[in-house]
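# sharing a model that was predicted from the sequence below.
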Amino acid sequence: MAKKRDSHLSEEGFNFLGRQNATDSAQAMVGQVAKRFDKQYKGEGFALPPEVEAMPIFLEWTAGTLANRINSNFWEIAKPQKHWRCLDIGCGVSFLIYPWREWDAYFYGQEISTVARDALNSRGSQLNSKLFKGVELGSADQLQYAASQFDLAIATGWSQYYELDYWNLILAEVKRVLKPGGQFVFDILNPEKPLVEDWAILETYLGTEVFLEPISAWEETLKAANAKIVSRQSGELFELYKVQFLD
């Protein structure tokens, strides 16, 4: 049976408590994801069962070839324009990988891994001190940036680590920091893809639980957030979306 609201709570009070509960329930997962990726970025090994290490997907992961198959190239559906201000949420070490310097746009980041944050802040300005604007430490539901600051927000490779209730908070924060008409590009795990089961097993043993939400549930979440789907691109594991908030 669904719980009823306390009659003495205002709508604002209920919404605040709902947000607080969703945030609190996600913090343990945020910490677990940060711990896993700190370990990965440090190059530390993972102790996995022999049967997992024998899986073809694990061999691809250790060889570094898996990322090329499954990564979502956000610029294929939302190429940054000159002088745009772009925010990469959960950026990892992406500024050391994708070609952001080619677009003459200003790039900011936010990340939960201290190892990734420190690596990017020490290297990014060396790559291009004009375009690289630094990486802040923090979770996606609490973006460390002003309202209406960005033309483009990006969030790829990590949506599957969090439940949809938490994503409601993330979408509200992304909407806050985007300029009116700004674009949000993110990817979601498609549970119908053949590779998903093995990938989810590997991720679980690496220390990050995967939530297999149907595409329809994600699209309902976007609709509830007044996010209009502008375009979509299908990959081997993820669906890449470009959306705009309607109000």
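Perfect, I can see it now.

# contacts and neighbour counts: CA atoms only from here.
Will do.

# sketch out the low-pLDDT regions of the chain for me.
Applying pLDDT under 70 to the chain picks out residues 1-25.

# cutoff 50 now
Residue ranges of the chain with pLDDT under 50: 1-21.

# how about the helices in it?
11-41, 50-53, 56-63, 66-70, 114-127, 164-177, 196-206, 215-224 (DSSP state H).

# right, so the ones you listed: which one is the most enclosed?
helix 164-177 (a mean of 19; mean count of other CA atoms under 10 Å).

# figure out which of the helices of the chain is closest to residue 234.
With CA to CA as the measure, helix 66-70 is the member of these nearest residue 234 (10.4 Å).

# show me what the closest one is packed up against.
helix 56-63 (3 or more CA pairs under 8 Å, 6 or more residues apart in numbering; DSSP states H and E).

# what's the helix it packs on packed up against?
helix 66-70, helix 196-206.

# could those be laid out in JSON lines, adding distance to residue 41?
Shown next, in JSON lines, are the helices and strands packed on helix 56-63 (distance: least, CA to CA, whole Å):
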{"stretch": "helix 66-70", "distance to residue 41": "14"}
{"stretch": "helix 196-206", "distance to residue 41": "13"}
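
# right, and the helices of the chain - which one's nearest residue 147?
Nearest to residue 147, of those and by CA to CA, is helix 164-177 at 4.2 Å.

# what's the angle from that closest one to helix 215-224?
Interaxial angle, helix 164-177 versus helix 215-224 (axes from the mean of the first three to the mean of the last three CA atoms, to 10 degrees): 40 degrees.

# for helix 164-177, packing partners?
Helix 164-177 packs on helix 11-41, helix 215-224, going by 3+ CA pairs under 8 Å, 6+ apart.

# residue 150 is nearest to which of the helices and strands packed on helix 56-63?
helix 66-70 (26.7 Å).

# what lies in contact with that closest one?
The contact list for helix 66-70, computed with CA atoms under 8 Å, 6 or more residues apart in numbering, reads 57, 60, 61, 235, 236, 237, 238.

# got a list of what the first one touches?
Contact analysis of residue 57 by CA under 8 Å, 6+ apart lists 66, 198, 199, 202.

# now the third one. Nearest residue, chain neighbours left out?
Taking CA to CA, 6 or more residues apart in numbering as the measure, residue 199 lies nearest to residue 57, with 6.9 Å between them; neighbours along the chain are not counted.

# quick one: the nearest residue to residue 204 once chain neighbours are set aside from residue 243, how far?
Spatial nearest neighbour of residue 204, chain neighbours left out: residue 210 (6.8 Å); criterion: CA to CA, 6+ apart. Distance, residue 210 to residue 243, using CA to CA, to the nearest Å: 23 Å.

# ditto for residue 165
Distance of residue 165 to residue 243, given as CA to CA: 19 Å.

# over to residue 173?
According to CA to CA, residue 173 stands 14 Å off from residue 243.

# starting at the chain centroid, how far to stretch 39-48?
21 Å (CA atoms, centre = their mean, to the nearest Å).

# could you do stretch 132-149 as well?
The answer for stretch 132-149 is 13 Å, by CA atoms, centre = their mean.

# which residues touch it?
Taking CA under 8 Å, 6+ apart as the rule, stretch 132-149 contacts 23, 30, 85, 89-90, 106-114, 117, 120-121, 124-125, 166, 169-174, 176-180.
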